[in-house]
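A.B. asks: Got a sequence here, can you build the structure:
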Amino acid sequence: MSVSYQAQQALLRRMFDAAIASAQPALCIPPHLPAAPKGRLIVIGAGKASAAMAQALEACWPGDKNQLEGLVVTRYGYAVPCAHIEIVEAAHPVPDAAGQAAAQRMLELVSGLCEDDLVLCLISGGGSALLPLPAAGLSLHDKMDLNRALLASGATISEMNCVRRHLSAIKGGRLAAACYPARVHTLLISDVPGDDPINIASGPTVGDPSTCADALAIVHRYGIALPSAALHLLQSGEGESIKPDDPRLARSEVRMIATPQMALEAAAQVARQAGYGAHILGDALEGEARDVGRVLAGMALQVAERSQPFTPPCVLLSGGETTVTLRGQGRGGRNVECLLSMGLTLGGHPRIHGLAGDTDGVDGQEEIAGALLAPDSLARAWGLGMKPQDELSNNNGHGFFSALGDSVVTGPTLTNVNDFRALLIEVAAT
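C.D. replies: Numbers count the residues shown, from 1 in each chain. Next up, the predicted model:
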C-alpha cells in the first residue's frame, strides 16, 4: 500500500477497533446484572461473545461468587478462563457434535428449578450454530446440511433464523420454557439488523411470533432442500415454537446490552476527534453484499464530487448484515465481497478509502475480519495479474485482498455486533 495512504488506513482501523471495544462484555455486563436470587443461580449462554460475557459476570458479580454455576458454549478459539462457569467450545457456522451435546446438557441443567431460582442467560451472535439441538426426528447431520444450505441460499439472517427456530428443540423460546418456574434474565449482544431478540441466536429465551408456515414459505422461496422429517415438522405444525403469550415466559426478562448502533457511534466519535464529519447511514443495511457495495460507493462518489448530502472530509458509516449468493469457488466473505464491489464502482477514486469487516473477527469461514480498500487497490491488483471483476464473480474477496496484503486480522474479538463498514472521503486539493 502506498505510504501516502497510511494515515487514512490507520484512522479507518482505529474506528473499527473502537466499534469492537464498545461492545466488550467487560464494559457492557456490569450495568445490567440482576439482584442475587434466594435460590440457585444458574448461568447459561451461547455465542461468540458468551465466554467473555461469563468471565465479565464472574469478575463483577456483586454477591457470593461461589453461588455461580453453569455452562456456556462458544466458538472454537473463543474460550476464556472462568472459575465457576464451565466453558465449552463448538463449531461455527456449521454445527458439530460438541454443540449438540452442550445444548442437551444446558436443557438438563435448567430442568427441575423452582420459583426462587434465577437463570442468567448470556446470548450473543453465533448462538444458532452453537446450540444445534435438532427437533424430534432430525439428526445433527440434518442440521449441518440445513445450515450449509441456508448460508448458501441468499436468505437474510432473519429468514434463516425463522427456519432454524422451527426445526430446533432449544431455540424459539424453548430454553426459557424449560427453565419455568424459575426467573430468566437474558443479556443480549445484538448481531442482527433491527436488534430483534428473536433473531439473536434464534431466540432461545424469547417468544416467537413466527409460524411453521412462515418457515415453510422461506424454504420454498429459496428452493432449500429439506429431509422428509423436517418437511413433516413444518407441514404438520409439530415444529411450532413457543409463542410470546406462553405462560412459561411470564417470568422471563430480556435486556439488550450492546448493539451495532452503539458500535457505529463509538467509531463516529473517533472520526470526529480526527477532524472528519461522521455520518451513520444505518445500522441495519441488508441485501446482496455486492449490491450494497455498489450503492455505498455511489453515495461516496456523490459526496466526493458534489459535496452532497455531506461535505468532505467525512466518513460514511454503516452496519447490518449483507448476504452472499454463492456463484463461484473463491474464499468468500460477505464483507470483503461488499468492499471489492465498492472498489470496482469507485474505480480507483483518489480521495476515497474504505474498510469493511465483521466485528467478531471472522468474515465468512476465514479467520480474517475483513479488509482495507485504497485508491490504488485496483491498480495494484492489475499489476499482480489479477482481474478484480473476475475475483468478484468468483466470490473471492478474501483471495483478492489477501494478495494485496490488505486483509484486516484481529483474532477473536470476544464480541459480535455485526458488520462494520466505513468509507473515508478526503477533501479535494486546492
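A.B. asks: what does the helix or strand harbouring D214 contact?
C.D. replies: Per DSSP states H and E, D214 falls inside helix 212-221. Residues from elsewhere that reach helix 212-221, judged by Cβ atoms under 8 Å, 6 or more residues apart in numbering: 155, 159, 162-163, 165-167, 224, 226, 233-240. The C-beta positions use only the backbone N, C-alpha and C, and glycine is treated the same way.
A.B. asks: what about the strands in the stretch 301-430 of the chain?
C.D. replies: For the stretch 301-430 of the chain, the strands defined by DSSP state E, counting those that start in this stretch occupy 314-320, 352-358, 370-373, 407-408, 419-425.
A.B. asks: Mean neighbour count and distance to C28 added to these, as TSV?
C.D. replies: Formatted as TSV, the strands of the stretch 301-430 of the chain follow (neighbours: other Cβ atoms under 10 Å; distance: least, Cβ to Cβ, whole Å):
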stretch	mean neighbour count	distance to C28
strand 314-320	24	17
strand 352-358	29	18
strand 370-373	29	22
strand 407-408	23	23
strand 419-425	27	17
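A.B. asks: I'd like these as TSV, with distance to C338 and mean pLDDT appended.
C.D. replies: Shown next, in TSV, are the strands of the stretch 301-430 of the chain (distance: least, Cβ to Cβ, whole Å; pLDDT from 0 to 100):
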stretch	distance to C338	mean pLDDT
strand 314-320	10	97
strand 352-358	5	98
strand 370-373	9	98
strand 407-408	13	98
strand 419-425	7	98
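A.B. asks: can you redo those as a markdown table with distance to A36?
C.D. replies: Shown next, in a markdown table, are the strands of the stretch 301-430 of the chain (distance: least, Cβ to Cβ, whole Å):
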| stretch | distance to A36 |
| --- | --- |
| strand 314-320 | 35 |
| strand 352-358 | 36 |
| strand 370-373 | 41 |
| strand 407-408 | 41 |
| strand 419-425 | 36 |
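A.B. asks: OK, contacts around the closest residue to I29 other than its chain neighbours?
C.D. replies: In space, and not counting its chain neighbours, I29 is closest to A56: 4.1 Å by Cβ to Cβ, 6 or more residues apart in numbering. A56 makes contacts with 25-26, 28-30, as judged by Cβ under 8 Å, 6+ apart.
A.B. asks: For the residues you listed, which entry has the maximal number of neighbours?
C.D. replies: Using other Cβ atoms under 10 Å as the neighbour criterion, P25 leads the contacts of A56 with 27 neighbours.
A.B. asks: Go ahead and confirm that one touches A52.
C.D. replies: Yes. Applying Cβ atoms under 8 Å as the test, P25 and A52 come out as touching, 4.5 Å apart.
A.B. asks: Give me the common contacts of these two.
C.D. replies: Contacts common to P25 and A52, judged by Cβ under 8 Å, 6+ apart, are 414-415.
A.B. asks: Quick check on the contacts of helix 212-221: which are buried?
C.D. replies: 155, 159, 162-163, 165-167, 224, 226, 233-234, 239-240 (16 or more other Cβ atoms under 10 Å).
A.B. asks: could I get stretch 146-154 in PDB with only the CA atoms?
C.D. replies: Output of stretch 146-154 as PDB, limited to C-alpha atoms (Å, rounded to 0.1, in the frame of the first residue of the first chain):
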ATOM      1  CA  LEU A 146     -29.600 -27.300   6.600                       C
ATOM      2  CA  ASN A 147     -27.100 -24.700   7.900                       C
ATOM      3  CA  ARG A 148     -24.900 -25.100   4.800                       C
ATOM      4  CA  ALA A 149     -28.000 -24.700   2.500                       C
ATOM      5  CA  LEU A 150     -29.200 -21.700   4.400                       C
ATOM      6  CA  LEU A 151     -25.800 -20.000   4.300                       C
ATOM      7  CA  ALA A 152     -25.500 -20.500   0.500                       C
ATOM      8  CA  SER A 153     -29.100 -19.600  -0.300                       C
ATOM      9  CA  GLY A 154     -29.000 -15.800  -0.100                       C
END
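A.B. asks: Quick check: buried residues in it?
C.D. replies: In stretch 146-154, counting by 16+ other Cβ under 10 Å, buried: 146-147, 149-151, 153.
A.B. asks: just how off-centre is it within its chain?
C.D. replies: 16 Å (Cα atoms, centre = their mean, to the nearest Å).
A.B. asks: and what of stretch 364-384?
C.D. replies: 22 Å.
A.B. asks: measure that stretch end to end?
C.D. replies: End-to-end distance for stretch 364-384: 25 Å, by Cα to Cα, to the nearest Å.
A.B. asks: Pull out the buried positions in that stretch.
C.D. replies: Judged by neighbour count (16+ other Cβ under 10 Å), stretch 364-384 contains these buried residues: 364, 366, 368-378, 380-381.
A.B. asks: quick one: which of those residues is nearest R306?
C.D. replies: P375 (18.5 Å; Cβ to Cβ).
A.B. asks: Which pLDDT value goes with the spatially closest residue to that closest one that is not a sequence neighbour?
C.D. replies: Spatially, and ignoring its direct neighbours in sequence, P375 is nearest to P350 (4.8 Å; Cβ to Cβ, 6+ apart). Note for P350: predicted pLDDT of 97.
A.B. asks: what's the offset of the lowest-mean-pLDDT helix or strand in the chain from the middle of its chain?
C.D. replies: Counting by mean pLDDT, DSSP states H and E, the chain has its least confident helix or strand at helix 140-153, which shows a mean of 88. How far helix 140-153 lies from its chain's middle: 18 Å, per Cα atoms, centre = their mean.
A.B. asks: So which elements touch the helix or strand following it?
C.D. replies: The helix or strand immediately downstream of helix 140-153 is helix 157-165, counting by DSSP H and E. Packed against helix 157-165 by the contact rule (3 or more Cβ pairs under 8 Å, 6 or more residues apart in numbering; DSSP states H and E) you find helix 127-130, helix 140-153, helix 212-221.
A.B. asks: how much does helix 157-165 deviate in direction from helix 140-153?
C.D. replies: Relative orientation of helix 157-165 versus helix 140-153 (axes from the mean of the first three to the mean of the last three Cα atoms, to 10 degrees): 170 degrees.
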